[in-house]
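Visitor: okay, here's the prediction I keep looking at, along with the sequence it came from:
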Amino acid sequence: MTRDGSARRARRFTEVLSGLPNWVSLTAGVLAVLVGAILVVRPLTSLTLLALLIACAALVTGVGEVLGAREHSAWDAVLALGWIALGVLILIASGPAIDLIAPVVAIALVVGGVLRLLRARRGTTSARLVALLLGIAEIILGIVALRWPDVTLLIVAVLFGIRTVAFGVSILWDAVTGRRATTSGAVEPARSRWAASGRVLAAATALLIAVAAALTSAHLRSGTPRVDAFYTAPDEIPAAAGTLLRAEPFTRDVPGNARAWRILYTTTLDADRPALASAIVLVPEREAAEPLPVIAWAHGTTGYARPCAPSLATHPFESGALPALDQIVESGWALVATDYTGLGTEGSHPYLIGQGEGRSVLDAVRAARQLTDIRLADRTVVWGHSQGGHAALWAGLLAPGYAPEAGVIGVAAMAPASDAVGLVSRLPEITGGSVFASYVVAAYTAHYPDVDFNAYIDPAARTLVRQMSERCLAEPGVLVSVLSALSLEKDRPIFATDPLSGALGVRLRENIPAGALTVPVLLAQGAADTLVDPAVQSRYAAARCADGWNLDYRVYPGRDHIGVVAADSPLIPDLLGWTQQRLSALPQQPACPPLG
């Protein structure tokens, strides 16, 4: 009865379309084409509208079942109520409904492929071959869709727009040519050899596309670093932060005149949450007569997920934009480069969360001093770039009370994300800024119970944002994140609520490095930086000078975010000279920007 009722309603709908005045059909067709064209380039709007249409379709189906049939069985009543409940649920919880689109599409492809393979036993030889090829293609595409839910959602969004355009074109064509739909008779399929060959060719092409998609997926995923057993927590963990747990020689990309280890050590995320972190310790190959001064390196953004640790990367010292590695070795300094907790090790990564970042930096130095093969001095200069600049400033703030034995005597923060509020407010305007926003949201929602992911992220963007946060900047799969970000930025911001409002805004302000910092600070900024706004940085520097910091603020014309730490940057000799002055205990002459 239900199927017959649906067929009757479909016929009535077709009859209504065929009876519309020509101008109505033309108007409807033009509107459908325009809306579809907009949806093709606006994935969030497309997914939102798709969810709304699914909800409306479910409601109409349920109400139609109730009103359209004269007699109802108990099953018909349950089915009708089920459709209505589904429609209401999707309207109320559009976010989870959109999240389900990708797995539903993936499962439908796999199930459809299996059913095609079962049908491949029947029919003509060409029909069986077509079913076999399409069945395998659908299963492969279903598996790929499960592994890349954000890509699946974007494809669904674009296809929905294309289908809307096609629907509008078909209405226009019928209106212009005077054709009218009919429900009588059926079009006989072509049975010529050419038609059969064409179907086989189309099915083979679909299989080739599916195989290409699977190979591309495998290639992108093969570049994701693998976390090995070194980063696994031992059975017994000492309570004291800064305790060396494990060490082994490290050789990847280590200069020929140096030797290195990777270490695992204890740290804390804040006052009462213990954690583990890893680091690389590198020293000159030649034996030193005196203990080696320490450069504590805080790396720039590499990602939020566990595999994003620089010590896991193919090029660990390039990951995170470490400057002047050769000069560090030639100067006879030791390098202690933390990964931060949550990168390599288990647990959430404190991305732009000062306490966790700064403690990881300081505890790495304390742990490195416990290596038996080297001697490290009690003088440490902290360097950091971008996210690491934020971490370096926090390390300087925390050192006197948390780890005075780390011996921090200076902090060099290069293009630091010093003002998290200013940075996050600009991310929607920056090309690819959604990727960095995904890291911020992932970290803050994991670290702070009062920051709710769903409260801040647009329902249509939630799957896309979650997937972005799981990819590292150095892995090939980040290309998918960049494409997603570019697609989203053509539509609307990923934030449903102003990120500077509510709990997230409060927490971002808490993590601006401010307060009493008594050691000399070098704050370097590229004037052409499009990620960290030079104007925001200048205001931050002026505020810190007003707080009494011993600050040397330098701006480098023509240098962007990465260019400021490039090998040919004028910052490099300034940084090395400034560091040597700190290690030589020479006074710093502050160079603050004008206040105001």
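Guide: Cool, the structure landed.
Visitor: where exactly do the strands run in the stretch 101-250 of the chain?
Guide: Along the stretch 101-250 of the chain, the segments classed as strands by DSSP state E, counting those that start in this stretch run 244-250.
Visitor: where does it dip in pLDDT?
Guide: Where the stretch 101-250 of the chain drops to pLDDT under 70, the residues are 123, 157, 159-160, 178-198.
Visitor: please repeat the previous calculation with a cut-off of 90.
Guide: Scanning the stretch 101-250 of the chain with the threshold set as pLDDT under 90 gives 101-226, 235-239.
Visitor: may I ask which helix or strand of this protein has the lowest mean pLDDT?
Guide: helix 2-18 (a mean of 48; mean pLDDT, DSSP states H and E).
Visitor: buried ones in stretch 216-236?
Guide: By neighbour count on 16 or more other CB atoms under 10 Å, the buried set for stretch 216-236 is 217, 220, 224-225, 227, 230-231. Placement of C-beta: from N, CA and C, glycine included.
Visitor: and those residues, which two are the farthest apart?
Guide: Between any two of these, the greatest separation by CB to CB is 27.9 Å, found for 217 and 230.
Visitor: what's the span of stretch 557-567 from first residue to last?
Guide: Using CA to CA, to the nearest Å, the end-to-end distance of stretch 557-567 comes to 16 Å.
Visitor: ok, and what's touching it?
Guide: 321, 323-324, 385-386, 414-415, 524-532, 556, 569, 571-572 (CB atoms under 8 Å, 6 or more residues apart in numbering).
Visitor: next one: it to chain centre, how far?
Guide: 24 Å (CA atoms, centre = their mean, to the nearest Å).
Visitor: still on that earlier bit, in PyMOL, select just the buried ones from the contacts of stretch 557-567.
Guide: One line in PyMOL is enough to select the buried ones among those; burial here means 16+ other CB under 10 Å:
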select buried, resi 321+323+324+385+386+414+415+524+525+526+529+531+532+556+569+571+572
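Visitor: so which of the contacts of stretch 557-567 sit within helices?
Guide: 571-572 (DSSP state H).
Visitor: next one: stretch 35-55 to chain centre, how far?
Guide: Its chain's C-alpha centre and that of stretch 35-55 lie 22 Å apart, by CA atoms, centre = their mean.
Visitor: send me it as CSV with only the CA atoms.
Guide: Provided in CSV are the C-alpha atoms of stretch 35-55 (Å, rounded to 0.1, in the frame of the first residue of the first chain):
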residue,chain,number,x,y,z
VAL,A,35,20.4,28.4,-6.7
GLY,A,36,22.3,25.4,-8.0
ALA,A,37,25.2,27.6,-9.3
ILE,A,38,25.4,29.3,-5.9
LEU,A,39,25.4,25.9,-4.1
VAL,A,40,28.2,24.5,-6.2
VAL,A,41,30.7,27.1,-4.8
ARG,A,42,29.1,27.3,-1.3
PRO,A,43,29.5,23.9,0.3
LEU,A,44,28.3,24.8,3.8
THR,A,45,25.2,26.4,2.4
SER,A,46,24.7,23.4,0.1
LEU,A,47,25.0,20.9,3.0
THR,A,48,22.7,23.0,5.2
LEU,A,49,20.0,23.2,2.5
LEU,A,50,20.4,19.5,1.7
ALA,A,51,19.8,18.6,5.3
LEU,A,52,16.7,20.9,5.3
LEU,A,53,15.4,19.3,2.2
ILE,A,54,15.9,15.8,3.6
ALA,A,55,14.0,16.9,6.7
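Visitor: what does that stretch rub up against?
Guide: For stretch 35-55, the external contacting residues (CB under 8 Å, 6+ apart) are 86-88, 90-91, 94, 97-98, 101, 153-154, 156-158, 160-168, 458-461, 487-488, 490-492, 494.
Visitor: residue 552 belongs to a strand?
Guide: Yes: if the criterion is DSSP: H, G, I helix; E, B strand; the rest coil, then residue 552 is within a strand.
Visitor: the strands in the chain, which residues?
Guide: Secondary structure of the chain by DSSP state E: the strands cover 244-250, 258-270, 273-284, 292-298, 334-338, 376-385, 408-414, 521-526, 551-556.
Visitor: reformat those strands as a markdown table; add distance to residue 475.
Guide: As requested, the strands of the chain are arranged in a markdown table below (distance: least, CB to CB, whole Å):
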| stretch | distance to residue 475 |
| --- | --- |
| strand 244-250 | 20 |
| strand 258-270 | 19 |
| strand 273-284 | 18 |
| strand 292-298 | 21 |
| strand 334-338 | 19 |
| strand 376-385 | 20 |
| strand 408-414 | 24 |
| strand 521-526 | 26 |
| strand 551-556 | 30 |
